[in-house]
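Peer 1: I'd like to go over a predicted model; first the sequence, then the structure.
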Amino acid sequence: MTFIRSAAAALGGEVVGRDAVLCPGPGHSPKDRSLSVKFVPTAPRGFLITSFAGNDWRDCRDHVRRRLGLPAWEPGDEQRRNVPPHHVAKWDLAATEAEANETPRAWTEDEIVRIERAQRIWNAGKDPRARSPNNICVNIDGSIYPTISPVECCASIRVAPGRMKTPAKSISSRR
């Protein structure tokens with residue numbers, strides 16, 4: 001908690017919760033609390049920022065780093081991403097060989113049966129969005145909506161607990 005309090009003092013803000021500070025954003029008055037700085041050890045720079053005033057996040061990040069006395073931000077995340085030189089030749093060779101040997105494998109009999117079955121199911125299916133203009137339902141209150149089949153119109157409409165209206169009427173064409 002001591003760190004959060006000292007960070008709040010450096011940022012000119014106040015502690016909120018156990019790991020956050022509300023403080024003035026860049027170029028804002030000292031009474032402003034439009035910038036939230038949450039200290040998270042797993043964050044790339046150790047903190048997350050949110051500007052409630054719509055300030056650019058890069059300006060806010062630089063503002064926080066400057067106020068906390070941290071060095072200016074520079075590209076890169078301090079993680080080595082290069083391959084050790086003694087592994088380069090071995091890995092390049094392995095990748096080249098894998099690409100050269102890459103041939104499509106033949107499907108097993110079980111896979112062929114499953115694919116053919118799936119193809120039959122797919123081909124037999126119908127688009128549920130395709131609705132005939134003849135399938136239109138009119139409710140008691142006069143509202144009209146399309147249905148896939150006239151059977152859908154046979155549901156009762158609940159008005160109040162314990163009371164039911166008569167089923168909706170099905171018509172065969174639009175008026």
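Peer 2: Everything's here; your move. Numbering: from 1, shown residues only.

Peer 1: Can you pull the domain assignment for the protein?
Peer 2: 2-68, 136-171 (automatic domain parsing).

Peer 1: Quickly, which of the ones you listed bottoms out on average pLDDT?
Peer 2: Note on the domains of the chain: lowest mean pLDDT is at domain 136-171, with a mean of 52.

Peer 1: Give me the residues contacting the helix or strand hosting Ile112.
Peer 2: In the assignment (DSSP states H and E), Ile112 maps to helix 109-124. Helix 109-124 is contacted by residues Trp107 when judged by C-beta atoms under 8 Å, 6 or more residues apart in numbering. Using the backbone N, CA and C atoms, a C-beta is placed for each residue, glycine as well.

Peer 1: Could I get the full set of strands for this structure?
Peer 2: Counting by DSSP state E, the chain has strands at residues 14-16, 20-23, 35-39, 47-51, 136-138, 144-146, 158-160, 163-164, 169-171.

Peer 1: The third one to strand 47-51, inter-axis angle?
Peer 2: To tie it back to what came earlier, the one meant is strand 35-39. Counting by axes from the mean of the first three to the mean of the last three C-alpha atoms, to 10 degrees, strand 35-39 lies at 160 degrees to strand 47-51.

Peer 1: helices and strands around strand 35-39, which ones?
Peer 2: helix 2-11, strand 20-23, strand 47-51, helix 57-68 (3 or more C-beta pairs under 8 Å, 6 or more residues apart in numbering; DSSP states H and E).
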